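J.: using only what follows, build the 3D model:
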Amino acid sequence: MIIYHNEDVDQLRRAAYPPLADLADAIYWQSRGQSGKMEEYNAAVEAVKTRYSKRAML
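T.: A predicted model of the protein is given here:
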């Protein structure tokens, strides 16, 4: 079993999140009526939140 310290989890999450440039691109395409990139971005963020859950690491 691996136990992470909360600061470790925060660092891991920060490093794993997709870049903000991807979010900006997704917002642009969503404003043009194409939501695929936003759905991909949200799925990537959700995967990070699931992998490095703060509750599971307490």
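J.: pull out the buried positions in the helix ranked longest in the chain.
T.: The residue-count maximum for a helix in the chain (DSSP state H) belongs to helix 36-51. Within helix 36-51, the residues scored as buried using 16 or more other C-beta atoms under 10 Å are 37, 38, 41, 44, 45, 48. Every C-beta, even on glycine, is put in place using the N, C-alpha and C of the backbone.
J.: from residue 49, how far out is the second one?
T.: Relative to residue 49, residue 38 is positioned 16 Å away (criterion: C-beta to C-beta, to the nearest Å).
J.: what's the answer for the first one, then?
T.: Distance of residue 37 to residue 49, given as C-beta to C-beta: 19 Å.
J.: sorry, back to before: what's the longest helix of the chain packed up against?
T.: Counting contacts by 3 or more C-beta pairs under 8 Å, 6 or more residues apart in numbering; DSSP states H and E, helix 36-51 packs against helix 6-16, helix 20-31.
J.: which of the residues in the first one are classified as buried?
T.: By that I understand helix 6-16. So, applying 16+ other C-beta under 10 Å, buried residues of helix 6-16: 9, 13.
J.: how many neighbours does residue 26 have?
T.: 21 (other C-beta atoms under 10 Å).
J.: and the pLDDT for it?
T.: With respect to pLDDT, residue 26 scores 98.
J.: that one contacts residue 40, doesn't it?
T.: Yes: between residue 26 and residue 40 a contact is recorded at 7.3 Å, counting by C-beta atoms under 8 Å.
J.: which non-adjacent residue is nearest residue 25?
T.: Computed as C-beta to C-beta, 6 or more residues apart in numbering, the closest residue to residue 25 that is not its neighbour in sequence is residue 37, at 6.1 Å.
J.: would you point out which residue is most central in the chain?
T.: residue 45 (2.2 Å; C-alpha atoms, centre = their mean).
J.: list the contacts for it?
T.: By C-beta atoms under 8 Å, 6 or more residues apart in numbering, the contact set of residue 45 is 17, 18.
J.: so how far is residue 53 from it?
T.: The value you get for residue 45 to residue 53, if C-beta to C-beta is used, is 13 Å.
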